[in-house]
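Asks: requesting a structural model of the entry that follows:
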Amino acid sequence: MQNLKILSILLAFLACSFLSQAQETKYKTLSNISYTKQTDSYSKERCKLDVYYPENKKDFITVIWFHGGGLTGGNKEIPNYLKEKNIAVVGVGYRFSPQAKVADIIEDAADAVIWTFDNIQQMGGSKKKVVVAGYSAGAYLTLMLGLNQQYLNKRGLDPKDLFGLVSFSAQTITHFTARKEKGLEELHPTIDELAPLYWVRKDIPRLLLLTGGRDLEMMGRYEENAYLLRMLKLHGNTDVELYELEGYGHNMDYPAYPLLINVLDKWSK
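Replies: Prediction:
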């Protein structure tokens, strides 16, 4: 009788273990998908994206991820920390300066967002849960798309349709690569149409700003983001936050990734 009882417990344990494995989330990666309508060889080479998504989930959040590199280099990526988090990640490649103007690179970013909205439902995701995020130059692209409505509007999308924006150490004045196009020095501060600050307005998507510590960050990034936060709040935006990750410099992406996951959970409730 005792043996039968032990056997029953063992079988129940095995059944639970099997059920757990059966319900385990499975992920799939689609690579090098072209998202551009441009026909030149350079656009075709650079404007590709990868999609990492949970195969056996529905209605999941999708994070569009723009990599860093000063708008002059880098590669599309699916950050390892964002894997196996029950979300999809779209890693976007884009053209670089000087082969492309900064304004054209932002157009690439907008095209990638539209591609995601047009295709993510086929993979089980929700168009109502698309987050735009990025690091450094990628965060600059994120803010330009969220604040300057023109890029998405002319593609039939309102920035308010985004689930949110997450920016890792963005430049909020005119990007230094855009200033270089005009012959200006890196440390010559400018706010023009290629600055997120230029497009400050009411009713932006909810926004999480993250930077390294003010004394360690690159060229005043904390202060730029603090000023953006202040101006957004003066315009009446309430769902905007800024975290300064003290003890970290510009390479603050690891401590920032958990905060990204946490805010996705917060926005989902």
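
Asks: got a list of what Leu264 touches?
Replies: By CB atoms under 8 Å, 6 or more residues apart in numbering, the contact set of Leu264 is 61, 63, 87, 131. Placement of C-beta: from N, CA and C, glycine included.

Asks: please render those as a markdown table that adds pLDDT, neighbour count and secondary structure to the earlier fields.
Replies: Shown next, in a markdown table, are these (pLDDT from 0 to 100; neighbours: other CB atoms under 10 Å; DSSP: H, G, I helix; E, B strand; the rest coil):
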| residue | pLDDT | neighbour count | secondary structure |
| --- | --- | --- | --- |
| Ile61 | 98 | 23 | strand |
| Val63 | 99 | 27 | strand |
| Ile87 | 98 | 21 | coil |
| Val131 | 99 | 25 | strand |
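
Asks: Ala112: which of these is nearest?
Replies: Val63 (12.2 Å; CB to CB).

Asks: so that closest one makes contact with Asn86?
Replies: No. Judged on CB atoms under 8 Å, Val63 makes no contact with Asn86 at a distance of 11.5 Å.

Asks: can you map out the helices along this protein?
Replies: 2-22, 41-46, 102-119, 137-147, 150-153, 176-181, 221-234, 253-268 (DSSP state H).

Asks: which of these sits closest to Leu197?
Replies: helix 221-234 (5.8 Å).

Asks: what mean pLDDT does that closest one have?
Replies: Helix 221-234 carries an average pLDDT of 98.

Asks: just the CA trace of it, in CSV.
Replies: Only the C-alpha atoms of helix 221-234 are listed here, as CSV (Å, rounded to 0.1, in the frame of the first residue of the first chain):
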residue,chain,number,x,y,z
ARG,A,221,23.2,63.4,-21.3
TYR,A,222,21.6,63.4,-17.8
GLU,A,223,21.1,67.2,-17.9
GLU,A,224,19.6,67.0,-21.4
ASN,A,225,17.1,64.4,-20.3
ALA,A,226,16.3,66.3,-17.1
TYR,A,227,15.5,69.4,-19.2
LEU,A,228,13.3,67.3,-21.6
LEU,A,229,11.4,65.8,-18.6
ARG,A,230,10.8,69.3,-17.2
MET,A,231,9.6,70.7,-20.5
LEU,A,232,7.3,67.8,-21.1
LYS,A,233,5.7,68.2,-17.6
LEU,A,234,5.3,71.9,-18.2
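
Asks: please point out which parts of stretch 248-259 sit buried.
Replies: 248, 250, 252-253, 255-257, 259 (16 or more other CB atoms under 10 Å).

Asks: about what we covered before: now for the contacts of Leu264: which two are most distant?
Replies: Longest span within these, CB to CB: Ile87 and Val131, 8.6 Å.

Asks: overlap in contacts of those two?
Replies: In contact with both Ile87 and Val131: 61-63, 264, using CB under 8 Å, 6+ apart.

Asks: adding distance to Glu217 as columns, could you present those residues in JSON lines?
Replies: Shown next, in JSON lines, are the shared contacts of Ile87 and Val131 (distance: CB to CB, whole Å):
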{"residue": "Ile61", "distance to Glu217": "28"}
{"residue": "Thr62", "distance to Glu217": "29"}
{"residue": "Val63", "distance to Glu217": "23"}
{"residue": "Leu264", "distance to Glu217": "24"}
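
Asks: just give me the closest of the residues you listed to Glu241.
Replies: Leu264 (13.4 Å).

Asks: and Trp267, how far is that from Phe163?
Replies: Applying CB to CB, to the nearest Å, the value for Trp267 to Phe163 is 6 Å.
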